[in-house]
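Undergrad: Provided below for reference: sequence and predicted model.
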Amino acid sequence: MAAKVAELRHHYKLPFPQRRAIALGRLRDILCFAGSEVPYYRDLFRAISFNPERVTDARQLEALPYLTKDIIREQGNRLLSRPLESLRHHACKTGGSTGLSCTIFYDQPAADYSSSVTYFARQAIGKLRHRSELHFACRFPNDPIPEWPSREDFKCFAMNRSNIFFDRIDDVGLEEIWTTLKRRKPYLVHAHPSTIHALAAYVQRRYGGGKTFAVFESSGELLEPKARELIASALRCRVVDRYGLAELGVMAYELNGSGKGLQVLESEGWPESRPLSDNADGAHELVFTGFRNKLMPLIRYATGDLAAVEERSDAFVLTNITGRIHDVVPINGVDYPTHHIQDILDHRVGGIQEFQIDLRTTLPTLRLVLEPWANPDETRQKLRTFWPSGFDIAFVGHEDFVRVGRRAKFRHVVTA
């Protein structure tokens with residue numbers, strides 16, 4: 001990792017025109033690789049007579065169609081450059097907050113670069129190795145305590161980090177979180193902004209504010225300006241935003257402070273944004289071409305997130321960011337964040353392609369699309385062990401999900 005972090009540090013010391021030229025070269029390289037080694041792109045390039053070796057301007061990308069989650073699900077192994085069994089790889093399931101989820105496969109070098117980017121970005125904001133970090137993670141009901149030391153223990157020791165496990169964000173859960181933070185006093189806290197916003201509101205209401213950590217690093221959801229302001233004031237911390245996604249890793253970060261905006265990490269991918277003709281507000285959808293993952297290259301991947309890419313004199317910057325807001329779901333009188341429910345469905349129940357919670361019914365309705373091999377009775381039994389009377393359960397098809405908003409976007413939680 002040290003060599004990759006040093007490489008990134010050197011890259012971002014270069015003037016932007018030089019960094020941009022390097023990124024354009026990497027764009028051409030991944031296009032050439034995909035056109036040679038990946039069946040889907042090999043056939044696509046041949047069908048439209050696209051020659052990646054002749055790419056000298058990013059505008060030439062406009063000849064290629066956008067890649068979507070639907071295409072990834074449909075094409076499957078044809079998006080891989082090598083059979084999975086032939087090399088070490090990592091599977092990463094997308095969250096589904098901007099469309100039906102799918103699985104992305106990383107090769108080891110891509111996974112290593114993804115970790116190095118996070119480490120480099122945190123160094124840039126002052127999180128050095130001797131300063132501790134704390135990550136918020138889902139607490140699963142009735143989980144056995146693993147024997148010490150576990151793999152996660154070793155990882156935490158190496159990274160000078162610890163985890164805080166939680167499953168509720170009512171006053172009881174928030175007090176437990178606050179007590180843990182006061183005891184550990186980390187330098188950096190990494191969590192969903194909705195969770196820390198709830199904590200900030202609680203601490204402000206209960207204690208008039210307080211300070212237990214220096215930096216909050218937001219991830220996984222949109223960081224709303226009002227939430228940012230309350231977090232910074234009530235918890236007396238510096239707030240740093242970042243943009244990452246399961247498909248590509250961290251792709252933008254506030255390297256130079258919130259006043260400069262989310263800087264695209266062009267060392268890792270080429271950014272675009274396409275205007276949405278069906279949006280009266282002139283919104284754009286964020287599009288990336290990743291450079292690092294040669295097992296499953298993603299070219300012109302339409303993220304489903306709304307943001308514009310602005311090219312400034314010193315960097316590409318994301319502006320007008322919206323989307324990916326995780327909701328809070330009341331179950332038997334206790335508020336649960338959506339990502340906690342999703343973690344249980346993915347990692348403890350299993351066999352679920354997608355889910356949606358409809359709060360418009362007397363008892364919340366949990367709609368589930370099962371994998372073809374999953375057994376509905378076994379799934380229902382597992383769900384009842386976690387939420388005995390929390391939901392009415394309905395097994396449905398993707399077409400039965402309720403779509404919301406002018407663009408009929410999928411949301412995990414339906415309220416109106």
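TA: Thanks, I have it.
Undergrad: In what element of secondary structure is S194 found?
TA: helix 193-207 (DSSP states H and E).
Undergrad: Identify the residues contacting that helix?
TA: With Cβ atoms under 8 Å, 6 or more residues apart in numbering as the test, helix 193-207 has contacts from 136, 166, 169, 171, 174-175, 177-178, 189, 209-210, 216, 218, 220-224, 227-228, 230-231, 233-235, 325-326, 328, 337. Heads up, the C-betas are built off the backbone N, CA and C, glycines and all.
Undergrad: buried ones in that helix?
TA: The neighbour-count check on helix 193-207 (16 or more other Cβ atoms under 10 Å) flags P193, S194, T195, I196, H197, A198, L199, A200, A201, Y202, V203, Q204 as buried.
Undergrad: now swap in stretch 366-382 and tell me
TA: Quick answer for stretch 366-382 (16+ other Cβ under 10 Å): L366, R367, L368, V369, L370, A374, T379, K382.
Undergrad: Show residues contacting it.
TA: With Cβ under 8 Å, 6+ apart as the test, stretch 366-382 has contacts from 345, 348-358, 383, 391-398, 400-401.
Undergrad: quick one: it to chain centroid distance?
TA: Mean-position distance between stretch 366-382 and its chain equals 25 Å (Cα atoms, centre = their mean, to the nearest Å).
Undergrad: Please list all residues in contact with the spatially most central residue of the chain.
TA: Nearest residue to the geometric centre of the chain (Cα atoms, centre = their mean): L245, 3.3 Å. Residues near L245 by Cβ under 8 Å, 6+ apart: T94, M251, T303, D305.
Undergrad: and these, which of them are in strands?
TA: M251, T303, D305 (DSSP state E).
Undergrad: who touches the residue of the chain most remote from its centre in this structure?
TA: Residue distances from the centre of the chain (Cα atoms, centre = their mean) peak at S49, which lies 34.2 Å from the mean C-alpha position. When the contact criterion is Cβ under 8 Å, 6+ apart, S49 has no partners at all.
Undergrad: Next, count neighbours for the closest residue to A191 other than its chain neighbours.
TA: Nearest-residue entry for A191: F136, 3.7 Å, with adjacent residues in sequence omitted and distances by Cβ to Cβ, 6 or more residues apart in numbering. Using other Cβ atoms under 10 Å, F136 has 22 other residues around it.
Undergrad: what's the answer for M1, then?
TA: 12.
Undergrad: Do I have it right that it meets S115?
TA: Yes. Counting by Cβ atoms under 8 Å, M1 does reach S115; the two are 6.3 Å apart.
Undergrad: Enumerate the strands of the stretch 301-416 of the chain by residue range, in sequence order.
TA: Counting by DSSP state E, counting those that start in this stretch, the stretch 301-416 of the chain has strands at residues 301-311, 316-322, 328-331, 334-337, 352-358, 365-370, 392-395, 403-404, 409-410, 413-414.
Undergrad: Provide a list of residues in contact with V317.
TA: K260, G261, L262, Q263, V264, V309, E310, E311.
Undergrad: Hmm, which of those is lowest in pLDDT?
TA: Ranked by pLDDT, those bottom out at K260, which has 76.
Undergrad: do you know how far that residue is from L345?
TA: Distance of K260 to L345, computed by Cβ to Cβ, to the nearest Å: 38 Å.
Undergrad: what does E311 give?
TA: Taking Cβ to Cβ, one finds E311 at 40 Å from L345.
Undergrad: about what we covered before: quick one, which of K260 and L345 is more surrounded?
TA: Taking other Cβ under 10 Å, K260 and L345 do not tie; L345 has more neighbours (20 against 13).
Undergrad: ok, of the buried residues of helix 193-207, which one's closest to R19?
TA: Nearest to R19 out of those is P193 (Cβ to Cβ; 28.9 Å).
Undergrad: Model confidence at that closest one, what's the number?
TA: pLDDT, P193: 86.
Undergrad: Then R206?
TA: Looking at R206, its pLDDT is 95.
Undergrad: Roughly how far does it sit from L199?
TA: Distance of R206 to L199, computed by Cβ to Cβ: 10 Å.
Undergrad: can I assume H190 is in contact with F213?
TA: No. Between H190 and F213 there is no contact under Cβ under 8 Å: 10.2 Å.
Undergrad: residues bridging contact with the two, i.e. touching both?
TA: By Cβ under 8 Å, 6+ apart, H190 and F213 have these common neighbours: L134.
Undergrad: picking up where we left off before, pull the contacting residues for the residue nearest to A191.
TA: By Cβ under 8 Å, 6+ apart, the contact set of F136 is N163, I164, F166, V189, H190, A191, H192, T195.
Undergrad: Tell me if I am right that the fifth one is in a strand.
TA: Yes. Assignment of H190 by DSSP: H, G, I helix; E, B strand; the rest coil places it within a strand.
Undergrad: Okay, and the beta partners of it?
TA: Beta bridges link H190 to H135, E217, judged by DSSP bridges.
Undergrad: What's the separation between it and L366?
TA: Using Cβ to Cβ, H190 is found at 29 Å from L366.
Undergrad: same deal with the fourth one?
TA: Shown here: V189 relative to L366, a distance of 30 Å by Cβ to Cβ.
Undergrad: Count the neighbours of the residue nearest to Y187 when sequence neighbours are not counted for me.
TA: Leaving aside its sequence neighbours, Y187 sits nearest to R131 (Cβ to Cβ, 6+ apart; 3.7 Å). Counted with other Cβ under 10 Å, residues neighbouring R131 total 14.
Undergrad: ok, R131 to A121 distance?
TA: Going from R131 to A121 by Cβ to Cβ gives 14 Å.
Undergrad: close enough to count as contact, I104 and A91?
TA: Yes. The pair I104 / A91 is scored as a contact, 7.5 Å apart, by Cβ under 8 Å.
Undergrad: okay, these two: which has more neighbours?
TA: Taking neighbours as other Cβ under 10 Å, I104 and A91 compare with I104 leading, 24 against 9.
Undergrad: Name the residues of the host helix or strand of that one that are buried.
TA: In this structure, I104 sits in strand 103-107 according to DSSP H and E. Within strand 103-107, the residues that count as buried by 16+ other Cβ under 10 Å are I104, F105, Y106, D107.
Undergrad: do stretch 339-357 as well
TA: So, applying 16+ other Cβ under 10 Å, buried residues of stretch 339-357: 339-346, 348-349, 351-357.
Undergrad: which residues sit against stretch 114-122?
TA: 1, 4-5, 8-9, 106, 133, 188, 217, 242, 249-250, 253, 255, 265, 267-268, 292.
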